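K.L.:
got a predicted structure plus its sequence, pasted below:
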Amino acid sequence: MNTSRQDKKALWGGRFAAAPDQLVREFTKSVHYDWRLYREDIFGSLAHARMLREIGVISSGEFAAIERGLKQIFAEIEAGVFAWDAAREDVHMNIEAALTARTPAGAKLHTGRSRNDQVATDMRLWVKHSIATDRALITGLQTALVRLARKYQRVIIPGYTHLQRAQPVWFAHHLLAYVEMLARDGARLADARRRADTLPLGAGALAGSTIPLRRERVARLLGFGAVAQNSLDAVSDRDFILEYAAAGAILAVHLSRLAEDLVLWSTAEFGFIRIGDAFTTGSSLMPQKKNPDVAELVRGKSGRVIGNLVALLTLVKGLPMTYNRDLQEDKERLFDTVDTVQQSLAVFTALLAEVRVNAAVCARAVADPLLLATDVADWLVNRGVPFRRAHEVVGQAVAISERRRVPLDRLPLTVWKKLHPVCAAGLRKIFNVRAALSRRKMTGAPGQQQVEAQLRRWEQVLK
Ligand code: ARG
C-alpha cells in the first residue's frame, strides 16, 4: 500500500507526515471483526448527533443529513453492500468516513467524542443485547429439559457419586438439576447486565469535554439506566466484559457437564438414551458407529469459553489508567464467548427433543439392590441403632452378599439377624425402589410428590 502524505492526513489529520507502515496497518486494524458493532455504533452516533443538535453544536439541517447518511450506511451494511476499508482501521472510522463522504456535516459528528468513550458505549450496548438473547436461549433449553423430564417422568435411574452407582433418583430429578443450574446462569447474566447498563459517552478520550454535552439525554436516547460518574473509569473499565465472560464460562461449564452425561448415557455401557440420527454422526471408517459429536463439541467448546475469560482477565490486569490500545483485544474474545455459548444453547435445545430414553435399560440399572443399602441403614436407625453401627452392619451384609454371590435383597434373614438382633422381616421390604423414592419427602428430595411439584413449578415459570 502506498504511504502518501494525503493518506495519512486522511486518517489521522495534520499531525502526521507519513502514512502508517503497511505492517502497522495490518497489525493494528480491527475492522475485520469489530464491524460487528455497526448497529451499536450507528445508534450511538445517532443519539450523540441528536444531542449535539439540541445543544446547538449542529443545525437541524446538519442533523437531518447525518441521520440520513447513517441510516443509509446502516441499510448498506445490513444488505452486505457496504465497502469496509481495512485502511480505515476500525468500525468507528469506517462509518464516520463513509458519512463524511456523503455529507460535510459528518465532520461535526465526532464533536466532544473520542473513540475511547465511543467503543466503550458500543461494547456495553452489544453486551446488553447479547444478554437478552442468551436469556431467551437459556429459557429455551430449560423448557426442553423440562419437556424431556415430563415425557419420561416414570423413569428411575441410579444417581451417581464418583461415577459409581449410589442411590436411585427419578430421571426427571437429574434433568431438573440442570434446569436449576441454568436458572442461576440466567440470573448471573441479568446481574451483569445491570452493571453494563451505564453510559460512558461524554467521557471523551479520558477527561470529558469543554462542550456542554448532555450525557443524561444521550443515556435516555440509548436506553441506558445510568451515566458513568468518572470519566477515567468510563473509558478504561472493562469489568462489564469480564463479568459477562465469567458468567458465560460458568454457563459453558454447565453445558459441558450436561454434554458429559449425554455422552455417557448414550454409550453401550450405559445405554440409557439414544440420540436421534440428525444429532449424531457416523465414522468414516467404522460402519457401525453412531457418535455423540454434538455433545462432545459442546463439551470441547467450553474450553475456549474458559480460555476467553482467562485471556480477558490477563488483558486488563496490568493496564495503567486509562484507555490503552490493548483493550482492542477484548472484542474477539467477547464475540467468541457470545457465539459459542449461544450456539451451544441452541444446538442442545434441538438435540434434547431428539433424545429417547430406554426405560427397560434404566429399570435394569436401578434394580441393583445395593442402591438401597443406605435405606437399610436408615431402617436400622429408625429402630434405635446408632447410624455408625447401622452403617457397619449393612457394610458387613454387603460383603457377605458379594462373597456368597447372593444379591443383598435375597440375603437370608438369619444372616441379617446374626449381624444385628433388631433385624426383622420388615427389613427386606426396604428393597422396593419406588417405595424408597416415596420415602424421600423433604424439599429438594427426589420423592414422587417433590419431583412432580418441581416439574409443575418449572412448567409454570417457563410458560
Ligand atoms: N478500535 C479501538 C478499540 O477497539 C477503538 C478505540 C481506539 N482508540 C485509540 N485511542 N486508539 O479499542
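P.N.:
Okay, I see it. Numbering: from 1, shown residues only.
K.L.:
tell me the spacing between Lys151 and Gly276.
P.N.:
Distance of Lys151 to Gly276, given as CB to CB, to the nearest Å: 14 Å. C-beta here means a position set from N, CA and C on the backbone, and glycine is covered the same way.
K.L.:
revised request: answer the last question for Trp379.
P.N.:
In terms of CB to CB, Trp379 sits 43 Å off from Gly276.
K.L.:
quick one: the helices in the stretch 301-450 of the chain, in order.
P.N.:
According to DSSP state H, counting those that start in this stretch, the stretch 301-450 of the chain carries its helices in the segments 330-352, 359-366, 373-382, 387-404, 413-419, 433-438, 448-462.
K.L.:
closest point of the stretch 351-463 of the chain to the ligand, which residue?
P.N.:
Leu351 (35.9 Å; CB to the nearest ligand atom).
K.L.:
quick one: contacts for the residue lying closest to that residue once chain neighbours are set aside?
P.N.:
Using CB to CB, 6 or more residues apart in numbering and skipping the chain neighbours, the partner closest in space to Leu351 is Phe279 (4.4 Å). Contact analysis of Phe279 by CB atoms under 8 Å, 6 or more residues apart in numbering lists 294, 347, 350-351, 354.
K.L.:
and the residues you listed as JSON lines, adding neighbour count and pLDDT?
P.N.:
Formatted as JSON lines, these follow (neighbours: other CB atoms under 10 Å; pLDDT from 0 to 100):
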{"residue": "Val294", "neighbour count": "22", "pLDDT": "96"}
{"residue": "Val347", "neighbour count": "17", "pLDDT": "98"}
{"residue": "Ala350", "neighbour count": "15", "pLDDT": "98"}
{"residue": "Leu351", "neighbour count": "22", "pLDDT": "98"}
{"residue": "Glu354", "neighbour count": "14", "pLDDT": "97"}
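K.L.:
spatially, which two of those are the most separated?
P.N.:
Farthest pair in the contacts of Phe279 (CB to CB) is Val347 and Glu354. Separation: 11.0 Å.
K.L.:
residues from the stretch 1-150 of the chain in reach of the ligand?
P.N.:
Contacts of the stretch 1-150 of the chain with the ligand, taken as CB under 6 Å from any ligand atom, map to 30, 34, 90, 115-116, 119.
K.L.:
ranking helices and strands of the protein by mean pLDDT, which lands last?
P.N.:
Least confident helix or strand of the chain, by mean pLDDT, DSSP states H and E, is helix 5-12 with a mean of 64.
K.L.:
next, count neighbours for Arg434.
P.N.:
By the criterion of other CB atoms under 10 Å, Arg434 has 12 neighbours.
K.L.:
what count of nearby residues applies to Lys463?
P.N.:
6.
K.L.:
retrieve the pLDDT associated with it.
P.N.:
What the model reports as pLDDT for Lys463 is 92.
K.L.:
now name the helix or strand holding the closest residue to Ala87 other than its chain neighbours.
P.N.:
Using CB to CB, 6+ apart and skipping the chain neighbours, the partner closest in space to Ala87 is Arg25 (6.4 Å). Element membership of Arg25 [criterion: DSSP states H and E] is helix 22-28.
K.L.:
check Ala246 too.
P.N.:
Residue-wise, Ala246 maps onto helix 239-265 under DSSP H and E.
K.L.:
repeat that for Arg274.
P.N.:
Using DSSP H and E, Arg274 falls in strand 273-275.
K.L.:
now Leu176
P.N.:
Assigned by DSSP H and E, Leu176 falls in helix 171-196.
K.L.:
and that helix, what does it pack onto?
P.N.:
Applying 3 or more CB pairs under 8 Å, 6 or more residues apart in numbering; DSSP states H and E, we find helix 171-196 packed against helix 115-151, strand 156-161, helix 239-265, helix 448-462.
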